[in-house]
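In: this one's structure only:
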């Protein structure tokens, strides 16, 4: 039986459960049990009928709620595949590196266009990295210490999922010099990212090896699913930009949970959960996990 989960921005408004049930009923869906995941914060409505019809019916409530509609089978996912920049951390690392080089506005503008899907990601990445040529590699550690902060709820999400046996993967179009320490801090088991070429203590403006791009992200999801015998409907994929669309669309297509975290419009059209009001712990509520079961 499908489940609709509504997660409030702050606390649940009076009457919203009845309104949500009425919206489902008016769309020809039979509502069953209503269950609190977290009193006053997040609740489930079990119903019979079309998942897509339920999403449409509940759509107007997304102004104040993050809403997931999904099958009840395999609700607690066994594979987490996540982007890093603006998803697991609060910044875009390449933009912050550019700030130390005095060219942040120039690079940030390219980053935003790439994340919006206006530019080819690989070409945009190559162009931005080239602009960093000559930057002292010690700036990377400085940037990591001064600018990189984890997204609220990221550590709780990763550690809680790992506690029930889920495999966790950080896959980023960013750089290993940032992803590796972030993965260690948050508890990711596997990491995929780009490698900056450094010679004589400075960035050369080039990358080493193949570029980790949108196709790579999708391939990592499928490979991990296949290698570990985890059906794609048991996968949670999360990101924020156009570069994450193939990965997230792959999860959605097989009834997994494809999440846009404060998504750009192009990505928002592809997800089955857009988180706009809450931090990353919304992904635990979406899996039916109350706060009492979270690990920090």
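Out: Happy to help now that I have it. For clarity, every value in this text was computed on a predicted model and none was experimentally measured.

In: isn't residue 33 right next to residue 47, touching?
Out: No: judged on CB atoms under 8 Å, residue 33 makes no contact with residue 47 at a distance of 9.2 Å. Yep, even glycine has a C-beta here, placed from its N, CA and C like the rest.

In: so for those two, which residue has more residues nearby?
Out: residue 47 (26 against 10; other CB atoms under 10 Å).

In: and that one, what does it touch?
Out: The contact partners of residue 47, taken as CB atoms under 8 Å, 6 or more residues apart in numbering, are 1-4, 24, 29-32, 54.

In: try 6 Å this time
Out: Residue 47 makes contact with 2, 24, 29, 31 under the criterion CB atoms under 6 Å, 6 or more residues apart in numbering.

In: just the buried ones out of those residues, please.
Out: The neighbour count (16 or more other CB atoms under 10 Å) marks 2, 24, 29, 31 as buried among the contacts of residue 47.

In: related to what we said a few turns ago, please produce a markdown table containing the contacts of residue 47, extended by secondary structure and distance to residue 283.
Out: Shown next, in a markdown table, are the contacts of residue 47 (DSSP: H, G, I helix; E, B strand; the rest coil; distance: CB to CB, whole Å):
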| residue | secondary structure | distance to residue 283 |
| --- | --- | --- |
| 2 | coil | 18 |
| 24 | helix | 23 |
| 29 | coil | 24 |
| 31 | strand | 24 |
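
In: need the strands for the stretch 101-250 of the chain, in chain order.
Out: Counting by DSSP state E, counting those that start in this stretch, the stretch 101-250 of the chain has these strands, from start to end: 167-175, 190-199, 202-208, 235-239.

In: pick the most deeply packed of the ones you listed.
Out: strand 235-239 (a mean of 28; mean count of other CB atoms under 10 Å).

In: so for that one, mean pLDDT?
Out: The predicted model gives strand 235-239 an average pLDDT of 98.

In: cool, and stretch 183-191?
Out: Mean predicted confidence for stretch 183-191 is 98.

In: need the residues that contact it.
Out: 154-155, 158-159, 162, 167-170, 179.

In: now the longest helix along the chain: average pLDDT?
Out: As assigned by DSSP state H, the longest helix anywhere in the chain is helix 214-227. In this model, helix 214-227 has a mean pLDDT of 98.

In: now stretch 88-103
Out: The model assigns stretch 88-103 a mean pLDDT of 96.

In: that stretch spans what distance, first to last residue?
Out: One end of stretch 88-103 to the other measures 24 Å (CA to CA, to the nearest Å).

In: buried ones in that stretch?
Out: By neighbour count on 16+ other CB under 10 Å, the buried set for stretch 88-103 is 88-89, 91-101, 103.
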